[in-house]
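Undergrad: Quick one, fold the following:
(2 chains)
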Amino acid sequence: MRTSQYILATLKETPSDAEIISHQLMLRAGMIRKLASGLYTWLPSGLKVLRNVEKVVREEMDKAGAIEMLMPVIQPADLWQESGRWDQFGPELLRISDRNNRPFALGPTHEEVITDFVRKEINSYKQLPITLYQVQTKVRDEVRPRFGVMRAREFTMKDAYSFHLSEDCLSATYERMHQAYCNIFERLGLDYRPVIADTGSIGGSVSHEFHVLAESGEDAIAFSDGSDYAANIEKAEALAPTETRAEASKTLNTFATPEASTIEQLKAKHGVKPHRGVKTIIVYGAADENEQRGLVALVVRGDHSLNELKAQAHELVHSPLELAKEADIIAAIGAKPGSLGPVGLNIPVIVDHSAAIMADFVAGANKDGEHYSGVNWDRDVTDFTVADIRNVVEGDPSPCGKGVLQIMRGVEVGHIFQLGTKYSESMNAGVLGENGKNQMLTMGCYGIGVSRIVAAAIEQNNDDYGIKWPTALAPFTLAIVPMNMHKSHRIPDIADKLYNEFKAAGIDVLFDDRKERPGVMFNDMELLGVPYTLVIGERNLDNNQVELKNRRTGKKLMLDIDQAVTEICNAINAN
RNA sequence: CGGCGAUUAGCGCAGUUUGGUAGCGCACUUGGUUUGGGUCCAAGGGGUCGCAGGUUCGAAUCCUGCAUCGCCGACCA
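TA: You can find the predicted model right below:
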């Protein structure tokens, strides 16, 4: 490609609404432009990167035995009603009507459509197992789109679905897909981790997420420094402490805390160390037989944080977790949030393991502007249950028994699930088994955020000059940058000749034939992240040489013109 | 959904306090100049100042409403 016949669209200045580095660089490098919040146009070089991701994904999916197909974005509402998700999914499901006022959804995922397809087309156990996939546009009306294509309302996803007659068969395919995902992220040159994950709204039992490690990641992941254990923090178990509770040595006393309603303020104004106090969070309890929801108190150590998933999994707690409204708290307890504690409550109290071994601690007195010191379990609070309801913190022992936990941030780029029969049962998808009887299908599903990978890769590969693409992702492999070509008679011929030879050799080459000064061209090629740049200038031409620059290493190499194409092709293919 | 902020040329911004015919830099066009890391000079093109209403002789500027975009929060009491 010649830049004079291309849309490079690079920007010197960073558009003001781009917050994270990948978003800024994608705009500056001319990869994307925003159409509206969460909606992006992919420019030619952005699209090339997107296609590179798709190519690797397709190759590994095919290798894993999956078969590609394509389903519609627009999906009839009745399928979603059948699975129950028309009501469950909430406003993230973008709903539309056709001219006859029939309701449709713009697909955020395709479990319903694929299950409907399979129940119609797959009739016999002899056709199983089968794994089908597509690379397709998904629509999710995100509450808050942000970070460019990282969390967009319309995005490209690879989604695969597998169908089986047994859990064992599903597990085998699940493992195969797990391996295929590792291959994909490996080939894309990303620093990633598979982690144990929650199944969320998709449903099912076993699940793993694949995270690209990056500071800007929206998820926290915990992993052991002594084993392979890794989990999304929302799923990481906090082991019950081995130490026992100390004896009570202080009496229960109140002290005035008019200006302190948070752990931080207690520390700043009263010198209470966070790990010597507890925080008490009031949520709604599970509904009783009359659909009435009472209140439940959750107690964690002051320096710990509540884990929503763990809390709502508790039988006494309403799921999904919902904080009690202030008015309800005042009505039941007589104090506002900020002065709450477990002493003397007439609602169920669930205490985290770590809080349950504390002695002589500080807690709210359930009276505005007052706290207790010297609180002790059993003596001051008699009725409570103990459970794991907190998020793990760095240094906690790993649940696997080996090593301690480290915590890092990650961008979720893949998620695989063992769904079981959730969709096949609600949508009645079965096949005729060996025994001649109908048998329910067991399902797995496997997603990769294709467009998100592009942004995640930039988060991991950039410097002050711009993007440093891993070879598999680069929009062009090689840039030809001639020095002052328009003033020379030798350079145009040589540049042209090399350009054609690289093209013939199958190298994706970008020939910068603009009438620009060298600095402009260097800057653009570096911003765009082209892995190799071939510099052709009068200076080296006198020695019959050209210069090759490596974007990632910064190294420069002088090559004889006659051998340049061969040597560069070798270098590129060796990578 | 709550709080905060923004909206002026393709991009980045000033002008709004104190109302008086709309500016700067980059980009773009033309000519010249320069040429191995975002040259310099000159001349140009491009804006219903987010939208609607109001106040006023006169509104980018003041008032009201709306829209869009962004940030923070929406569990840590």
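
Undergrad: who touches the residue of the stretch 201-350 of chain A found nearest RNA strand B in this structure?
TA: Using C-beta to the nearest atom of the strand, the closest approach of the stretch 201-350 of chain A to RNA strand B is made by A:P337 at 1.8 Å. Yep, even glycine has a C-beta here, placed from its N, CA and C like the rest. Contacts here follow C-beta atoms under 8 Å, 6 or more residues apart in numbering; on that basis A:P337 touches A:S261, A:I282, A:E326, A:I329.

Undergrad: which of those count as buried?
TA: Among the contacts of A:P337, the ones that count as buried by 16 or more other C-beta atoms under 10 Å are A:S261, A:I282, A:I329.

Undergrad: Skip the chain neighbours and tell me the closest residue to the first one.
TA: What that stands for is A:S261. Once flanking residues are discounted, A:S261 sits nearest to A:G338: 2.6 Å by C-beta to C-beta, 6 or more residues apart in numbering.

Undergrad: what's the answer for the second one, then?
TA: For A:I282, the nearest residue in space outside its immediate sequence neighbours is A:A324; the separation is 4.2 Å by C-beta to C-beta, 6+ apart.

Undergrad: hang on, that neighbour packs against A:A297?
TA: No: taking contacts as C-beta atoms under 8 Å, A:A324 lies outside contact range of A:A297: 9.4 Å.

Undergrad: who touches both of those two?
TA: A:I282.

Undergrad: Any residues of the stretch 201-350 of chain A in contact with RNA strand B? List them.
TA: The stretch 201-350 of chain A comes close to RNA strand B at residues A:261-264, A:279-283, A:300, A:302, A:304-308, A:322-324, A:326, A:329, A:337-340, as judged by C-beta under 7 Å from any atom of the strand.

Undergrad: tell me the contacts of the residue nearest the centre of chain A?
TA: Closest to where the C-alpha atoms of chain A average out (C-alpha atoms, centre = their mean) is A:E412, at 1.7 Å. Residues in contact with A:E412 (C-beta under 8 Å, 6+ apart) are A:E209, A:F210, A:H211, A:G217, A:E218, A:D219, A:G449, A:R452.

Undergrad: just to revisit the earlier point, what is the burial count for the residue nearest to A:S261?
TA: 16 (other C-beta atoms under 10 Å).

Undergrad: The longest strand along chain A pairs with which strands, parallel or anti?
TA: Assignment by DSSP state E gives strand A:405-420 as the longest strand of chain A. Partners of strand A:405-420 in the sheet, by DSSP bridges, are strand A:207-213 (antiparallel), strand A:219-224 (antiparallel), strand A:442-449 (antiparallel).

Undergrad: okay if I get the ones you listed as CSV plus distance to A:I416?
TA: Formatted as CSV, these follow (distance: least, C-beta to C-beta, whole Å):
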stretch, distance to A:I416
strand A:207-213, 5
strand A:219-224, 15
strand A:442-449, 4
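
Undergrad: just to revisit the earlier point, show me what contacts the residue nearest to A:I282?
TA: Contacts of A:A324 (C-beta under 8 Å, 6+ apart): A:I282, A:V283, A:Y284, A:L295.

Undergrad: Can you name the secondary structure element that comes next after the helix or strand where the second one lies?
TA: Read that as A:V283. Using DSSP states H and E, the element containing A:V283 is strand A:278-287. Once the chain leaves strand A:278-287, the next helix or strand it forms, by DSSP H and E, is strand A:293-301.

Undergrad: Can you list the neighbours in contact with that next one?
TA: Strand A:293-301 has contacts (C-beta under 8 Å, 6+ apart) with A:274-275, A:277-288, A:306, A:311, A:316-318, A:324, A:328-329, A:332-333, A:340, A:342, A:345, A:347-352, A:354-355, A:358, A:363, A:384, A:389-390.

Undergrad: Number of residues surrounding A:D219?
TA: Neighbours of A:D219 (other C-beta under 10 Å): 16.

Undergrad: Need the nearest residue in space to it, chain neighbours excluded.
TA: A:G410 (5.3 Å).

Undergrad: Phi and psi next, for A:A311.
TA: In terms of degrees, to the nearest 10, the main-chain angles of A:A311 are phi -70, psi -50.

Undergrad: Apart from its neighbours in sequence, what residue is nearest it?
TA: Nearest non-adjacent residue to A:A311 (C-beta to C-beta, 6+ apart): A:I389, at 4.8 Å.

Undergrad: number of nearby residues for the one you found?
TA: The burial count for A:I389: 27, using other C-beta under 10 Å.

Undergrad: Would you mind stating the distance between it and RNA strand B?
TA: Applying C-beta to the nearest atom of the strand, to the nearest Å, the value for A:I389 to RNA strand B is 9 Å.

Undergrad: what number of residues lie near A:A505?
TA: By other C-beta under 10 Å, the residues close to A:A505 number 14.

Undergrad: surely it meets A:C569?
TA: Yes: if you go by C-beta under 8 Å, A:A505 and A:C569 touch, sitting 5.2 Å apart.

Undergrad: With just CA atoms, put the strand holding A:V283 into CSV.
TA: In CSV, the C-alpha atoms belonging to strand A:278-287 read as follows (Å, rounded to 0.1, in the frame of the first residue of the first chain):
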residue,chain,number,x,y,z
VAL,A,278,-15.2,-3.8,61.8
LYS,A,279,-17.6,-2.4,59.3
THR,A,280,-21.2,-3.4,59.3
ILE,A,281,-23.1,-3.4,56.0
ILE,A,282,-26.9,-3.7,56.0
VAL,A,283,-28.5,-5.5,53.0
TYR,A,284,-31.8,-7.1,52.3
GLY,A,285,-32.4,-10.6,53.4
ALA,A,286,-33.8,-13.5,51.3
ALA,A,287,-37.5,-13.2,50.8
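
Undergrad: And it, what's buried?
TA: Buried residues in strand A:278-287, counted by 16+ other C-beta under 10 Å: A:V278, A:K279, A:T280, A:I281, A:I282, A:V283, A:Y284, A:G285.

Undergrad: Tell me what angle that strand forms with strand A:293-301.
TA: 150 degrees (axes from the mean of the first three to the mean of the last three C-alpha atoms, to 10 degrees).

Undergrad: what helices or strands is strand A:278-287 leaning on?
TA: strand A:293-301, helix A:326-333, strand A:361-364 (3 or more C-beta pairs under 8 Å, 6 or more residues apart in numbering; DSSP states H and E).

Undergrad: For it, which outside residues touch it?
TA: A:263, A:293-302, A:306, A:311, A:315-319, A:321-324, A:328-329, A:332-333, A:337, A:340-342, A:347-348, A:355, A:358, A:361-364, A:375.
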